[in-house]
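Enquirer: output the structure for:
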Amino acid sequence: MKLGFEETQTPYVSGSQRARVWTEGWVSKSLYCPNCGNQHITQFAANRPVADFFCPACGDEHELKSQKKAFGAKVADGAYHVKCDRLLSSNNPNLLLLNYDLQTTSVTNVCVIPKHFFALDIVEKRKPLAPTARRAGWIGSNILLNRVPESGRIYIVRDGITISKQSVLDQWNRTLFLRETQPEARGWLLEVMKCVESLGYREFDLDDVYAYEDTLSALYPNNKHVKPKIRQQLQLLRDNGYLKFLSRGRYRIRS
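Expert: Numbers count the residues shown, from 1 in each chain. Below is the predicted model:
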């Protein structure tokens, strides 16, 4: 996979406009579909809401966010209500996070967050634009990247190094079961996955996850039965092959 941009000549003066042309061109020419492995994905016509690319083989759609610096805890996105509607639809896009270096005109990182890691819980409603703004009253959204488990951050390029395609597809398929979970119920499952990953070791006890009871209670204040909910989510993760049950109250994260 070539990481350099080919479109080094553009009519735009600003660095951000040039980078947009370069990154979109690079994705069209160099990036394969992480869902099915098809060699190329195709760019939609301009101004399509939410999605930027699609795979002609499997139909998966992709939204591209690109910037020079590393992505932080959240990333700005489009209209809040449009985003929420797409999250609840079958063609919700995967999210491509791309970092680039303008001096070397090349890609440094490409991380994809599969669409099955999106739940309404990780979309934040921004304040309406001021009455003096050109789009007064418009309400945007933020994607809360810090609410996405590590298993939902699949690198295709990391620190200028290309990850093997087979490794990317294997990581993708490992959590594909989440697509069968309704978006309204997916938030709890993702939060428990995040708790399990944050333990820092592959084998753990039920009590280790119970230690996050206060954290989960703060996220879901209307749920008064957090421990039973944790057990339920661990069972779902076990049934779908993400966890292995070792003995009473003890689990292992499958590799």
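Enquirer: what are the ranges of the helices in the stretch 51-200 of the chain?
Expert: Along the stretch 51-200 of the chain, counting by DSSP state H, counting those that start in this stretch, helices occupy 80-87, 165-174, 183-198.
Enquirer: ok, and for the second one, which residues are buried?
Expert: Neighbour-count burial for helix 165-174 flags Val168, Leu169, Gln171, Trp172 (criterion: 16 or more other Cβ atoms under 10 Å). All C-beta atoms are positioned from the backbone trio N, CA, C, and that covers glycine.
Enquirer: can you name the two of those that are farthest apart?
Expert: Across those, the two members that end up farthest from each other (Cβ to Cβ) are Leu169 and Gln171, 7.4 Å apart.
Enquirer: now what about stretch 169-184, what contacts it?
Expert: Applying Cβ atoms under 8 Å, 6 or more residues apart in numbering, the contact partners of stretch 169-184 are 34-35, 37, 87-88, 92, 114-120, 151-152, 154, 186, 189-190, 240-242, 254.
Enquirer: gap between Ser16 and Asn223?
Expert: 42 Å (Cβ to Cβ, to the nearest Å).
Enquirer: now Leu88
Expert: Applying Cβ to Cβ to Leu88 and Asn223 gives a distance of 21 Å.
Enquirer: for Leu243, same thing?
Expert: For Leu243, the distance to Asn223 - Cβ to Cβ - is 21 Å.
Enquirer: Glu197 too?
Expert: For Glu197, the distance to Asn223 (Cβ to Cβ) stands at 21 Å.
Enquirer: so which of the helices of the stretch 51-200 of the chain is the most packed in?
Expert: Burial of the helices of the stretch 51-200 of the chain is given as mean neighbour count (mean count of other Cβ atoms under 10 Å); helix 183-198 ranks first at a mean of 19.
Enquirer: quick one: average pLDDT of the helix or strand following that one?
Expert: Downstream of helix 183-198, the first helix or strand assigned by DSSP states H and E is strand 203-205. The pLDDT scores in strand 203-205 average 96.
Enquirer: mind giving me the packing neighbours of the helix or strand following strand 203-205?
Expert: For strand 203-205, the following helix or strand on the C-terminal side (DSSP H and E) is helix 206-210. With contacts taken as 3 or more Cβ pairs under 8 Å, 6 or more residues apart in numbering; DSSP states H and E, helix 206-210 sits against helix 183-198, helix 226-239.
Enquirer: can you list those helices in a markdown table and add distance to Leu102?
Expert: Shown next, in a markdown table, are the helices and strands packed on helix 206-210 (distance: least, Cβ to Cβ, whole Å):
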| stretch | distance to Leu102 |
| --- | --- |
| helix 183-198 | 33 |
| helix 226-239 | 42 |
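Enquirer: confidence-wise, which of those helices is weakest overall?
Expert: Lowest mean pLDDT of the helices and strands packed on helix 206-210: helix 183-198, a mean of 91.
Enquirer: and the closest residue to Phe117 other than its chain neighbours, what pLDDT?
Expert: Excluding its sequence neighbours, the residue lying closest to Phe117 (Cβ to Cβ, 6 or more residues apart in numbering) is Gly152, at 3.5 Å. Note for Gly152: predicted pLDDT of 95.
Enquirer: what of Thr10?
Expert: Reported pLDDT for Thr10: 56.
Enquirer: in the stretch 1-150 of the chain, where is pLDDT below threshold?
Expert: 7-15, 47-50 (pLDDT under 70).
Enquirer: where along it do the strands fall?
Expert: 42-43, 53-54, 61-67, 74-79, 94-101, 106-113, 123-125, 140-144 (DSSP state E, counting those that start in this stretch).
Enquirer: mean neighbour count added to the ones you listed, as JSON lines?
Expert: Compiled in JSON lines, those are given as follows (neighbours: other Cβ atoms under 10 Å):
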{"stretch": "strand 42-43", "mean neighbour count": "15"}
{"stretch": "strand 53-54", "mean neighbour count": "21"}
{"stretch": "strand 61-67", "mean neighbour count": "20"}
{"stretch": "strand 74-79", "mean neighbour count": "15"}
{"stretch": "strand 94-101", "mean neighbour count": "22"}
{"stretch": "strand 106-113", "mean neighbour count": "22"}
{"stretch": "strand 123-125", "mean neighbour count": "16"}
{"stretch": "strand 140-144", "mean neighbour count": "18"}
